[in-house]
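**Q** with the sequence up front, the predicted model follows.
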Amino acid sequence: MKKEQITACIFPETVPGAEILFPLVQVFAPLVYCQAVEEDEIAAGLASPLRDELEREGLARVHVPAPLGEDRDRFVALIHDLISRPGDYAAQLKHLSLAGIGRADRSETESKSSIIGTLMGSGMPGAGSKASEEEQLLWQARLVLKLGEILDADQAALRREMERIEARQEGLLAELRREDRQPFDLTRQLQAQEGQADGMPRLRLKAWSRLFCLGSAVKEDFSVYVTPHQDGFDLLAEEYEREAGPARPVADILLPARPADSDPLAGREELARAGGEYLAAIGRILADPGGAVDGLTPALADPGGLWADLLESVYPEAACGRVLLHLSFFSGVNPCRLFMAAFGRDEGSARGLAQNNDEAGCVIGWLAEAGAQGA
């Protein structure tokens, strides 16, 4: 049975890693992720052979909601300043952007705009017009998203170093292990904390929403959006519930967390052949998320069901792990209206949101570790 192609837009990651892409590509294609700059320069620390392969195979692609055009080179130079000159005014902009993007205080807004203007020179739009307000918001959104990438690269390097340290510790002190305790709690605590240390998830959600919804590029109609951040999903659900009642859960889907070998896509076609009936059911669910419940839906999340057995035959849990994709239907709402209401509505940003009569709704998913709290 031929699998229907279902597109999903990942948010707010602009350079998603294999831990997001690999599970989702089992169900969706192409995967789409927004980037702040056209022909972007990806930090070496964020390189991903899987992402490169998916793009080559047409299973993933980039969307640039607000192309910079002739200002691209100047923006890229600014990002280089943020990386290479941490002691000067570029660092001041960094701190202001991270600490203040969500605040509506006028003096802070003017301070940020002044620093951005200084860095960008005369190319920044002046104050006083609706267009210039939106352009400054887009500049700031791009900066926050790029700063997030820089931080991701730094944390990836730290994570690799911590893994090397732990490997050395375990090799040198294995004889000190006890069956009932973990001897290297400090190393593991540092590893766990660094993934959440940036404090940026909500800032990225705000910046991504502004870039995606206020950008000048031709809008793309996505019916499915997926995030790895429970907070982001919860905020959208809360905003929607205030206006329209609870979103409708449509499916929870067990997926492999990582590949078993060096060929990350080797099992994708095998799963499509063996699990075609279930993948077709997922396609039906997403084509009509407001319709009747599909008879195969409960099996998709059952760790003892036939779908789990199929996953085990292709992606053994011991080697590949599991994640759980929660999908809910937000009916009768335009996605950008929802994103802007939940994340991006301050400093007049919502005034630039184009009217759209398409209120068909959308499916929003949260990708969680299987067995995680709230999953």
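**A** Structure received. Residues are numbered from 1 along each chain as shown.
**Q** look up how far residue 266 lies from residue 11.
**A** Distance of residue 11 to residue 266, given as C-beta to C-beta, to the nearest Å: 28 Å. To be clear about C-beta, it is placed using only N, CA and C from the backbone, and glycine gets the same treatment.
**Q** then residue 303?
**A** 24 Å.
**Q** of the two, which one has the most company?
**A** Taking neighbours as other C-beta atoms under 10 Å, residue 303 and residue 266 compare with residue 303 leading, 15 against 12.
**Q** could you pull up the mean pLDDT of the helix or strand hosting residue 147?
**A** Assigned by DSSP states H and E, residue 147 belongs to helix 130-173. Helix 130-173 carries an average pLDDT of 80.
**Q** work out the gap between that helix and the centre of the chain.
**A** Centre-to-centre, helix 130-173 and its host chain are 13 Å apart (C-alpha atoms, centre = their mean, to the nearest Å).
**Q** what's it packed up against?
**A** helix 72-84, helix 89-100, helix 106-120, helix 185-194, helix 201-214 (3 or more C-beta pairs under 8 Å, 6 or more residues apart in numbering; DSSP states H and E).
**Q** ok, and what's touching the last one?
**A** Outside of helix 201-214, the residues that reach it under the criterion C-beta atoms under 8 Å, 6 or more residues apart in numbering are 11-14, 34, 36, 65-66, 98, 101-102, 134, 137-138, 140-142, 144-145, 148, 229, 231-232, 235, 336, 339-340, 342-344, 349, 352-353.
**Q** just the buried members of those?
**A** The neighbour-count test (16 or more other C-beta atoms under 10 Å) marks 11-14, 34, 36, 65-66, 98, 101, 134, 137-138, 140-142, 144-145, 148, 229, 232, 235, 336, 339-340, 342-344, 349, 352-353 as buried among the contacts of helix 201-214.
**Q** report pLDDT for residue 373.
**A** Reported pLDDT at residue 373 in the predicted model: 50.
**Q** walk me through the domains of the protein.
**A** Under automatic domain parsing, the residue ranges defining each domain of the chain are 8-67+208-369, 71-194.
**Q** which parts of the helix or strand hosting residue 279 are buried?
**A** Applying DSSP H and E as the criterion places residue 279 in helix 276-287. Across helix 276-287, burial judged by 16+ other C-beta under 10 Å covers 278, 279, 280, 281, 282, 283, 284, 285, 286.
**Q** helices or strands up against that helix?
**A** strand 248-256, helix 306-314.
**Q** in JSON lines: the ones you listed, plus distance to residue 320, mean pLDDT and mean neighbour count.
**A** Shown next, in JSON lines, are those (distance: least, C-beta to C-beta, whole Å; pLDDT from 0 to 100; neighbours: other C-beta atoms under 10 Å):
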{"stretch": "strand 248-256", "distance to residue 320": "4", "mean pLDDT": "96", "mean neighbour count": "20"}
{"stretch": "helix 306-314", "distance to residue 320": "8", "mean pLDDT": "95", "mean neighbour count": "18"}
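**Q** residue 168: which of the ones you listed is closest?
**A** Of all the helices and strands packed on helix 276-287, strand 248-256 sits nearest to residue 168, with 29.7 Å by C-beta to C-beta.
**Q** direction included, what does that closest one pair against?
**A** strand 322-330 (antiparallel) (DSSP bridges).
**Q** next secondary structure after the strand it pairs with?
**A** Next along the chain after strand 322-330, taking DSSP H and E as the criterion, comes helix 335-339.
**Q** which elements pack onto that following helix?
**A** helix 201-214, helix 230-244.
**Q** what residues does the longest one touch?
**A** When you say that, I think you mean helix 230-244. Counting by C-beta under 8 Å, 6+ apart, residues outside helix 230-244 touching it are 11-12, 201-202, 205, 227, 246-247, 326, 328, 330-333, 338-339, 341-343, 364-366, 368, 374.
**Q** now do the helix holding residue 147 and helix 201-214, the angle between them.
**A** 140 degrees (axes from the mean of the first three to the mean of the last three C-alpha atoms, to 10 degrees).
**Q** between helix 130-173 and helix 72-84, how many degrees?
**A** Using the same axes, to 10 degrees, helix 130-173 lies at 40 degrees relative to helix 72-84.
**Q** okay, now residue 273: neighbour count?
**A** 12.
**Q** gap between it and residue 314?
**A** 9 Å.
**Q** again, but for residue 305
**A** 15 Å.
**Q** identify the residues contacting the nearest residue to residue 315 once chain neighbours are set aside.
**A** With C-beta to C-beta, 6 or more residues apart in numbering as the criterion, residue 315 has its nearest non-adjacent residue at 3.6 Å, and that residue is residue 256. Counting by C-beta under 8 Å, 6+ apart, residue 256 makes contact with 22, 23, 26, 267, 311, 314, 315, 320, 321, 322, 323.
**Q** wait, the last one sits on residue 257?
**A** Yes: here residue 323 reaches residue 257: they are 4.8 Å apart, a contact under C-beta atoms under 8 Å.
**Q** tell me which of these two has more neighbours.
**A** Neighbour count, other C-beta under 10 Å: between residue 323 and residue 257, residue 323 has more, with 24 against 19.
**Q** what's opposite the more buried one in the beta bridge?
**A** Per DSSP bridges, the residues bridged to residue 323 are residue 255, residue 369.
**Q** which pLDDT value goes with the closest residue to residue 205 other than its chain neighbours?
**A** The shortest distance from residue 205 to any non-neighbouring residue, by C-beta to C-beta, 6+ apart, is to residue 343 (4.5 Å). Per-residue confidence at residue 343 stands at 93 (pLDDT).
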